[in-house]
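A.B. asks: need a structure here:
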Amino acid sequence: MRVRFAPEGWVFILPFVILAALALLIQAWLLAILFSAVAAFLLAFFRDPHRSGSERHVDVLSPADGTVVQIRDVEDGEVWPGLTQQISIFMSVFDVHVNRAPISGRIVHYSYTQGRRMAAISHKSSEENEQNLIVVTDHRGATLAFKQIAGLLARRIVFDRNEGDMVRRGERIGMIKFGSRVDVFLPHRAQLLVKVGDKPRVGMTVIAEIPE
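C.D. replies: Numbering: from 1, shown residues only. Got it, this is the predicted structure:
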């Protein structure tokens, strides 16, 4: 599997690579080991592996790596009209943090909300933490939404698209730095294909189907 690295990560990675090299030059072995270990961790954190998932237009791909920590019903209109099911995926610092589009379609809504920095594994983080809300409608008119939610250690939410843009299923659309969560909101007719405790893979795992 071909592995790339998210460009947002180099601002964190390169200083530790340079510090490790300098420590080696002055033979400060313990510092060299420490800085090298941090650089290796950051390289692993900002990895962006190539993923190729289902092309079926009814399939919803996971927008994030991680663990499914919550599945629940939500009130119609609580997040977006017509969306009544929620799947929450928690990303630990060991998961891929690049986010990918769950379906192909047009971004019909995008909004950013400032908020708290509580641990992303907490269910309250879905309402109270810093977050982006993205709503996508496909060529059939099927609509879903997903939230990029910052966690306790998150430094910044990155979203690479704008309202009105077209996205492709599995296409990279951003990332959340250092611990976070993604919530996916689906219509009532969607068939959920994951359960709490499952570990979906971004851009590969089909987490739901939205039938015709």
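
A.B. asks: so where's the protein uncertain?
C.D. replies: 1-3, 5, 116-126, 128, 151-155, 178-179 (pLDDT under 70).

A.B. asks: what do you get if the cut-off is 80, keeping everything else the same?
C.D. replies: 1-12, 41-55, 93, 97, 115-128, 151-156, 177-179 (pLDDT under 80).

A.B. asks: Show me the domain layout of it.
C.D. replies: For the chain, automatic domain parsing gives the domain ranges 3-49, 59-209.

A.B. asks: okay, those in CSV with mean neighbour count next?
C.D. replies: Where C-beta positions appear, they are placed from N, C-alpha and C, glycine not excepted. CSV is the format used below for the domains of the chain (neighbours: other C-beta atoms under 10 Å):
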stretch, mean neighbour count
domain 3-49, 15
domain 59-209, 19
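
A.B. asks: Was I right to think Val167 contacts Gly105?
C.D. replies: Yes. In terms of C-beta atoms under 8 Å, Val167 counts as a neighbour of Gly105; the distance is 6.7 Å.

A.B. asks: which residues are in contact with both of these two?
C.D. replies: Each of Val136 lies in contact with both Val167 and Gly105 under the rule C-beta atoms under 8 Å, 6 or more residues apart in numbering.

A.B. asks: Helices along this protein, start to end?
C.D. replies: For the chain, the helices defined by DSSP state H cover 10-25, 29-45, 125-128.

A.B. asks: Any idea which of those gets closest to Leu83?
C.D. replies: helix 125-128 (13.3 Å; C-beta to C-beta).

A.B. asks: Tell me, how many residues neighbour Ile210?
C.D. replies: Here the count is done by other C-beta atoms under 10 Å, and Ile210 has 19 residues near it.

A.B. asks: Tell me if I'm right that it and Arg56 touch.
C.D. replies: No. Ile210 lies out of contact with Arg56 (C-beta under 8 Å); the separation is 10.4 Å.

A.B. asks: In space, what's closest to Asp59 - neighbours in sequence excluded?
C.D. replies: Distance criterion C-beta to C-beta, 6 or more residues apart in numbering; nearest residue to Asp59, sequence neighbours excluded, is Val206 at 4.6 Å.

A.B. asks: For that neighbour, list the residues it contacts.
C.D. replies: Val206 makes contacts with Gly53, Ser54, Asp59, Val60, Leu61, Ser62, Leu193, as judged by C-beta under 8 Å, 6+ apart.

A.B. asks: Just the residues you listed: which are in strands?
C.D. replies: Using DSSP state E, the members of the contacts of Val206 that fall in strands are Asp59, Val60, Leu61.

A.B. asks: in the sheet, who's paired with the first one?
C.D. replies: The reference is to Asp59. Per DSSP bridges, the residues bridged to Asp59 are Glu209.

A.B. asks: Wait, it touches Pro211, no?
C.D. replies: No. Assessed by C-beta under 8 Å, Asp59 is found out of contact with Pro211, at 10.6 Å.

A.B. asks: overlap in contacts of those two?
C.D. replies: Applying C-beta under 8 Å, 6+ apart, one finds that no residue jointly contacts Asp59 and Pro211.
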